[in-house]
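Trainee: need a structure here:
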Amino acid sequence: MATVQPVRVSPLGHLENLRLTSSTQRNVRHIQPAKRGDQDIPVRTTDKKSPMKQSAGSKHPSENHTRDVVDGQINHELTKARYRSLDLADLMFGRFVTTRLARDILDRFLADGTVTCEEIKPNEGEETRHALNAAYADAVAHACLRSDAPLDEPTPEPETKCQWSWPKFPTIPINEHKLVAFLNSVADSALSTARSILQDDSLQPRNRFAAPVDKHHAIPLSYEPDGEDMRPDFMVLPLAAFSDDEELEVKEAYVNFTAMLLAGESKSARNAREGLIQVQRYMRGIKRAQPWLRFATGMTVGKDFVALLRGDCSGLERIELSLTDGRGCIEFIRIILGIVLADKNALGHNPDVEIGERNVSVDIPELRSAATPRTGPNFMTSGSTSQSGIPPTFSEYASNPGTPYSASIDLPSVDQPSAASSTGSNSGTTSTGSKRGPDDEMSQGKRSKRRKRTVALRTFVPVRVHGRECIGILFTSGSIRGRGTTVYVVVGADDGKTYFALKTSWQDVARADDQAVVLKKLSEHKPHPNVIIPSKLFDPMAKDGGVDSTLGSIRALLIEEMQQLKVENRILTVTISELWRPVAYFWSPHDFVRGVIGALLGHQYLCEIGILHRDISENNIVLALCRGGLGALIDFDMAIVGPPNMHQGSPPPPKIHTDILASLIQPSSPLLADGKPYKAQRTGTTPYMSIGVLRGESHTHYDDIESFLYVLVLFFLSYKGPLRKEALTRARVQGFIHPLGAGRLPHVTSWPDMFERWASGSHQEISNYKAGDLNAVSHATFMQRTYPHIRSRWDPSSRTTAPALADLILRCWILFSRHDLKVAHNPFIEVLQEWLKQCVGDEDNYVYPFDD
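Mentor: Predicted coordinates:
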């Protein structure tokens, strides 16, 4: 067999050579879709572009993060993207443990009784030797292809049918500490045997298996806002996490998700699938805590089986092996010893990110036995809301929806006295100082009452990213599959003082052409003060003569093999831009409204030059660094080029109410004539998507403007006022990096159930919910149900804020409902500006925290 030179494909259609190894190639015969657990969801567009999915990555901190919700979204994002790859263990660990070495170690294990092989059907001769040779031939046939193995070599049939077993494997139910002791025993014995076989005493372990130290608390730093059960049965940690003595006991300070190299779960055979689901959640936690990883690794282990999982931004590969099978025993040895010997790059680390260690102290709550359901008063129907405390103006609109709204709606003061600031305290306040409102779930109340434990941790953090000094992580949307966008705060190369935002993202190859055209068009026009244009830190195609891609450099597939898979190929892109203030660090509601005005002006400019953004969300709006400044629009990953002045055409004729209702029953994912699933070009972040985009209609600038409306409404339901002055001042000095160990900032609160529906469910269901509220008939009822939630969040900050915000939302809601959602930039901006003029006095109740 000739030396293999894998050919890589660039996003612009050029071919590039990227040499992986001189003699290995993926065994694509044994890479097949894993259908188990998949939902019936169309996953590819007709032009090969990646689909819109319910992702577990781009979740707002106010969304429901309970176990069932996250598991469901992971399952959704991985639909049609799970593959059973029987050569995965060889691909990951073959350079540390060859198939031959694993076979020879198994031979020694048979001799010393670590493994037994009992004959099922008697056969003359050396039964065990025949079984070992057959197992080795079977392992070679399923491993990566090499120059000494013909491509068409058939899988051999064992000459002897044997029952293999590991006598020292813990009995069921499996105790996690006994399991870890067993895994480390296998690793130690295999390493000692390998040194003997290879006559190489320099072979040293880098990692070791460990069990959680604390039985009652979740493993910290998984970044789960709701404190869910993030406690794997076992994990792999670097050798530095263990004591230097012979006991090699794990140091509790290292038991956290930033140090975790692999997460594992032990299950009985009948619960194997449940173990896979749990491990997927832990792998997501690893990628959220270590967003620089190119992939995350997990394992499930049982008395009779082992599964190895690897998740990159294109999906999941796994190998499932039986420990009663000879090949399974060989691969089990390869996996266990390979994990112990693997360097950090082999377990997903990006070599362009330099990691340092830091001591932190965090509070961790007790584990929940199950996800806590949302409870409390139901505001899904108008009849469930008490009219007390509702401004009579809203009731007037409900009884007479045809009444035109006034620019000066008279809202009476609420009768419940409020604290002068969010730092006030009384028996009815939460730990963050805000009063519990009608929508605060029982889970929030329990979270404050659950016993917490303070632990000192040794954490791993990025200190240099792509050659730039790194201050910390500003934002990450990591899950298993998806773009995995992460923004780091880095120091400028010129003066060493200015902060910049360095963004890494795994971009779909099918979208890279669009992104390149958009950035080129932006560079050809004069910069706009409300549009933040990124610049590429390096050309991903020029670096080292190849591409860092999921299907290429991670999965080592050839170009023709990539085309056979039904998943997208993604390349790592790195850009750098000015650092503005994230929305979460607003100092007054007026500050945020000015941010939206600036972003709308930036969007209007983009429409003028012929660029459609297509991903309006809270994360893509940033606030000014000076008092009174307007915000800006960022992130062009989903943008496309269109005709200039696209926003100046006449809107389509409005639909009558019966037409809207009729459109709700139209299928969102029809099948093409050839039976292949069709997927409309729907882009964006689910809670902020327009009704039309959710239904699969063409994405226009009106859809983006509608998304701004949802950003505005959800913002005032996501926060309980601004952070304290000291916290905001400290955040600016530190470049607004996300505090290490904080699942969500203390002023963030969960969305009410009626708004959680905008994020959960199918796209058709979400569009139905929004359409039911956003029309000329229902807008007053919508405000009646919304106002108590606004009041519960903003009363502690200022007595006048809640009525003012209700006034603003009502004005905007009516504007959109009466124009059939087709609102131009200027009318929307005028409503926001008029509100700022009328409510300028209310801003005096807030303290500007920054020193310009």
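Trainee: please tell me how far residue 574 sits from residue 89.
Mentor: 31 Å (C-beta to C-beta, to the nearest Å). Where you see a C-beta, it was placed from the backbone N, CA and C, and this is true even at glycine.
Trainee: neighbour count: these two, which is higher?
Mentor: Shown here are residue 574 and residue 89; by other C-beta atoms under 10 Å, residue 89 has more neighbours (28 against 21).
Trainee: quick check, the more buried one in contact with residue 337.
Mentor: No: with contact taken as C-beta atoms under 8 Å, residue 89 and residue 337 are classed as non-touching, separated by 10.7 Å.
Trainee: surely residue 106 touches residue 334?
Mentor: No: in this structure, residue 106 is not within contact of residue 334 by C-beta under 8 Å, at 9.7 Å.
Trainee: so residue 636: helix, strand or coil?
Mentor: State at residue 636, reduced to three classes by DSSP: H, G, I helix; E, B strand; the rest coil: coil.
Trainee: need the per-residue pLDDT for the nearest residue to it once chain neighbours are set aside.
Mentor: Ranked by C-beta to C-beta, 6 or more residues apart in numbering and with sequence neighbours excluded, the top spatial neighbour of residue 636 is residue 518, at 5.1 Å. On pLDDT, residue 518 comes in at 93.
Trainee: number of nearby residues for residue 518?
Mentor: The number of residues packed near residue 518 is 22, by other C-beta under 10 Å.
Trainee: gap between it and residue 837?
Mentor: Separation of residue 518 from residue 837 (C-beta to C-beta): 35 Å.
Trainee: looking at this, residue 832 is in a helix?
Mentor: Yes: the assignment for residue 832 (three-state DSSP) places it in a helix.
Trainee: how many residues are close by it?
Mentor: Other residues within reach of residue 832, judged by other C-beta under 10 Å, total 19.
Trainee: roughly how far does it sit from residue 81?
Mentor: For residue 832, the distance to residue 81 - C-beta to C-beta - is 41 Å.
Trainee: again, but for residue 361
Mentor: 38 Å.
Trainee: which one's more surrounded, those two?
Mentor: Each of residue 361 and residue 81 has its neighbours counted (other C-beta under 10 Å); residue 81 has more, 26 against 9.
Trainee: residue contacts, the nearest residue to the more buried one once chain neighbours are set aside?
Mentor: Once flanking residues are discounted, residue 81 sits nearest to residue 315: 2.9 Å by C-beta to C-beta, 6+ apart. Neighbouring residues of residue 315 by C-beta atoms under 8 Å, 6 or more residues apart in numbering: 78, 81-83, 480-481, 567.
Trainee: am I right that residue 495 sits in a helix?
Mentor: No: counting by three-state DSSP, residue 495 is not found in a helix; it is coil.
Trainee: run a quick neighbour tally on it.
Mentor: Counted with other C-beta under 10 Å, residue 495 comes out at 7.
Trainee: again with residue 624
Mentor: 18.
Trainee: list the contacts for it?
Mentor: Residue 624 neighbours (C-beta under 8 Å, 6+ apart): 580-581, 594-595, 598, 630-632.
Trainee: what would these look like in CSV with secondary structure and distance to residue 461?
Mentor: Shown next, in CSV, are the contacts of residue 624 (DSSP: H, G, I helix; E, B strand; the rest coil; distance: C-beta to C-beta, whole Å):
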residue, secondary structure, distance to residue 461
580, coil, 23
581, strand, 22
594, helix, 33
595, helix, 29
598, helix, 32
630, coil, 33
631, coil, 29
632, strand, 28
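Trainee: neighbour count for the residues you listed - can I get that in TSV?
Mentor: As requested, the contacts of residue 624 are exported to TSV (neighbours: other C-beta atoms under 10 Å):
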residue	neighbour count
580	20
581	23
594	22
595	28
598	24
630	19
631	27
632	23
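Trainee: okay, buried residues for stretch 239-257 please.
Mentor: Neighbour-count burial for stretch 239-257, counted by 16 or more other C-beta atoms under 10 Å, picks out 241-242, 250, 253-257.
Trainee: between the two ends of that stretch, how far is it?
Mentor: Distance across stretch 239-257, first residue to last, is 15 Å (C-alpha to C-alpha, to the nearest Å).
Trainee: next one: stretch 566-580
Mentor: End residues of stretch 566-580 are separated by 38 Å (C-alpha to C-alpha).
Trainee: please work out the average pLDDT along it.
Mentor: Taken as a whole, stretch 566-580 has an average pLDDT of 93.
Trainee: show me how far that stretch is from its chain's centre.
Mentor: Its chain's C-alpha centre and that of stretch 566-580 lie 14 Å apart, by C-alpha atoms, centre = their mean, to the nearest Å.
Trainee: for residue 332, see how far away the closest residue to residue 813 other than its chain neighbours is.
Mentor: Of all residues not flanking residue 813 in the chain, residue 779 sits nearest, at 4.8 Å (C-beta to C-beta, 6+ apart). Relative to residue 332, residue 779 is positioned 62 Å away (C-beta to C-beta).
Trainee: tell me where the stretch 651-800 of the chain has helices.
Mentor: Applying DSSP state H, counting those that start in this stretch to the stretch 651-800 of the chain gives helices spanning 657-663, 691-694, 701-718, 725-733, 753-756, 763-773, 779-794.
Trainee: mean pLDDT for those: which is lowest?
Mentor: In terms of mean pLDDT, the lowest-scoring of the helices of the stretch 651-800 of the chain is helix 657-663 (a mean of 35).
Trainee: which non-adjacent residue is nearest residue 463?
Mentor: Of all residues not flanking residue 463 in the chain, residue 356 sits nearest, at 3.9 Å (C-beta to C-beta, 6+ apart).
Trainee: equivalent analysis for residue 602, please.
Mentor: Excluding the flanking residues, the one nearest residue 602 by C-beta to C-beta, 6+ apart is residue 530, at 3.5 Å.
Trainee: which residues touch the one you found?
Mentor: Taking C-beta under 8 Å, 6+ apart as the test, what residue 530 contacts is 598-599, 601-602, 605, 630-633.
Trainee: redo that, cut-off 6 Å
Mentor: Going by C-beta atoms under 6 Å, 6 or more residues apart in numbering, residue 530 touches 598, 601-602, 632.
Trainee: neighbours of residue 807, how many?
Mentor: Residues near residue 807, counting by other C-beta under 10 Å: 23.
Trainee: surely it is within a strand?
Mentor: No: Residue 807: not assigned to a strand; according to three-state DSSP it is helix.
Trainee: what about the strands in the stretch 151-300 of the chain?
Mentor: Taking DSSP state E, counting those that start in this stretch, the strands of the stretch 151-300 of the chain run over residues 162-165, 207-210, 234-238, 262-266, 296-301.
Trainee: list the buried residues in the first one.
Mentor: Meaning strand 162-165. Residues of strand 162-165 classed as buried: 162, 164-165 (neighbour count, 16+ other C-beta under 10 Å).
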